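**Student:** dropping a prediction and its sequence here:
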Amino acid sequence: MKRIICGIFLTLGMTMESFAKDFDFICGDFGALSSLVMEARQEGVDKNDFMQYLMTKFSEDTFENHMLLRYSKDMMDIAYEIPVAKSKDSKSKVVTTFTADMNKLCSNNMEKLFKIK
C-alpha cells in the first residue's frame, strides 16, 4: 500500500513536502471513502455497480478524485472479501472496524512515508 501511495503522488507530480502537510486531510477522505465502501458491501451492493457509482461521484478531473478512485478499487477488493454480516448491529460493527483499520493504515503509511510524529 505504501508503494501505491508513493507512486500515485509521484506520478501526479505532487511534491512530498506539500503532500505531507495535507496527510490528515487525505486520510480523512480515505476514511470517509472506506466507510462508504464497507456500507455498500454490507448492504449487498454489487461491486461493479458501486464502482460505477464512485466513478460518477468522483468524475471531476482533480488530483483528489483521481486518488480516491484509485484507492477505492483497492479498498473494494479488501471490503468485498469480508462476508456480509447478518444483523444490523453486526453490519455497523464491521463498517466501524473497517473504517478504523483503513484510517490507521493511511495514517501509519503517511507517518512512515514522511517520517512524521
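**Tutor:** That came in fine, so what should we check first? Numbers count the residues shown, from 1 in each chain.
**Student:** when you work out contacts or count neighbours from here on, use the C-alpha atoms and nothing else.
**Tutor:** Will do.
**Student:** wait, what's in contact with the spatially closest residue to Val95 that is not a sequence neighbour?
**Tutor:** Spatial nearest neighbour of Val95, excluding adjacent residues (Cα to Cα, 6 or more residues apart in numbering): Met38 at 5.5 Å. Counting by Cα atoms under 8 Å, 6 or more residues apart in numbering, Met38 makes contact with 76, 79-80, 94-95, 98-99.
**Student:** Met38 and Asn109: what is the separation?
**Tutor:** Between Met38 and Asn109 the computed distance is 21 Å (Cα to Cα, to the nearest Å).
**Student:** what residues sit buried inside the host helix or strand of Gln52?
**Tutor:** Applying DSSP states H and E as the criterion places Gln52 in helix 47-57. Using 16 or more other Cα atoms under 10 Å as the test for burial, helix 47-57 gives 47, 50-51, 54-55.
**Student:** list the helices and strands the helix or strand hosting Met76 packs on?
**Tutor:** Assigned by DSSP H and E, Met76 belongs to helix 63-79. Secondary-structure packing of helix 63-79 (3 or more Cα pairs under 8 Å, 6 or more residues apart in numbering; DSSP states H and E): helix 23-42, helix 47-57.
**Student:** pull the contacting residues for the residue nearest the centre of the chain.
**Tutor:** Closest residue to the average C-alpha location of the chain: Phe30 at 3.9 Å, with Cα atoms, centre = their mean. Listed by Cα under 8 Å, 6+ apart, the contact partners of Phe30 are 68, 102-103, 106.
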